[in-house]
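Enquirer: Below: sequence and its predicted model.
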Amino acid sequence: MKAYWAIVKGEFMIAAMYRASFIFTVLSNLLYIALVYYLWSSIYRGATVIRGMTFEQTFVYLALGSSIFILFKTYSDWIISHRILEGSITVDLFKPLDFQLQMLSHAAGSALSNLVLITAPALIVVGLTVGGRVPIGLGWLCFMPAVIIAFTISFLLDYMVGLTSFYTSSLWGISMTKEIVVTLLSGALIPIQFFPEAVQGILKVLPFQTIYNVPLTMITQPDRPVSEFVAQLSVQVAWLIVLWVASRLFFRRAVRVLTVAGG
């Protein structure tokens, strides 16, 4: 465990060195939050509630969504792909460490850096903007566990996409397809509550909504019955287990390709 924690700390320090990149990302995110505010304030002009959400709830949902997107953006798929294509994965496999946990540790370190330097300032801005106009409830206590599970699910999707480099030398198309699918079906751009009822029913059983919709609704709708939070967390945990097992099986199969290629 100490070895993995050392990887987390090392990745945090490395990521924190790129100050210019962080400043640009912070400013870009704040600009996006401002655009979200003015766009949706015009949509809500003359309306108090749309699809069961007030303007403040919708704004917090989308603003936090952009901040969580940056938090989860660790480029694990590209890092794994690079290690596979350049052959350095052979060094990783000889280490007395689990490869998947190594990559998760790298992602966690990068995410912690994003949290401290990018996401936290954005959360402060959002909090100052809405003040106390978002209800407080049990959902606030469930938010952090939901974000941690969501981060792990997001990593597992990136991890499996990265592993496809065992079979192809071009990751761009697969990675972009994954980004588009996750962004559209997770509720990151538009709250799932705004979709038609039939579509909502489908999206809520897919893994993508567990990344954004679940933690975001815990903040924007925190005063719901306990059973709803339990149900949401249960879906998250179920998909976490499914994707973890699937990623382990995929890695075992993919490594055989490396073994054959290396003779």
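Expert: It's in.

Enquirer: as a whole number, average confidence for stretch 90-103?
Expert: Average pLDDT, stretch 90-103: 90.

Enquirer: any idea how far that stretch is from the chain center?
Expert: The chain centre lies 23 Å from the centre of stretch 90-103; the measure is C-alpha atoms, centre = their mean, to the nearest Å.

Enquirer: ok, and for it, which residues are buried?
Expert: Phe99, Gln100, Gln102, Met103 (16 or more other C-beta atoms under 10 Å). Backbone N, C-alpha and C define where each C-beta goes, glycine included.

Enquirer: residue contacts, Trp244?
Expert: Leu156 (C-beta atoms under 8 Å, 6 or more residues apart in numbering).

Enquirer: nope, Ser247 is what I meant
Expert: Ser247 neighbours (C-beta under 8 Å, 6+ apart): Gln100, Leu156, Tyr159, Met160, Leu163.

Enquirer: go again using 6 Å as the cut-off
Expert: Applying C-beta atoms under 6 Å, 6 or more residues apart in numbering, we find Ser247 in contact with Leu156, Tyr159, Met160.

Enquirer: Show the buried residues in these.
Expert: Buried subset of the contacts of Ser247 (neighbour count, 16+ other C-beta under 10 Å): Leu156, Tyr159, Met160.

Enquirer: What pLDDT is listed against the residue positioned nearest the centre of the chain?
Expert: Using C-alpha atoms, centre = their mean, the residue of the chain that lies closest to the mean C-alpha position is Phe72, 4.0 Å off. If you check Phe72, the pLDDT there is 94.

Enquirer: Same question for Arg133.
Expert: pLDDT, Arg133: 69.

Enquirer: So which of the buried residues of stretch 90-103 are in helices?
Expert: Of the buried residues of stretch 90-103, the ones assigned to helices by DSSP state H are Phe99, Gln100, Gln102, Met103.

Enquirer: before we move on, back to that, isn't the residue nearest to the centre of the chain right next to Thr152, touching?
Expert: No. Look at Phe72 against Thr152 with C-beta atoms under 6 Å: they stay out of range, at 10.0 Å.
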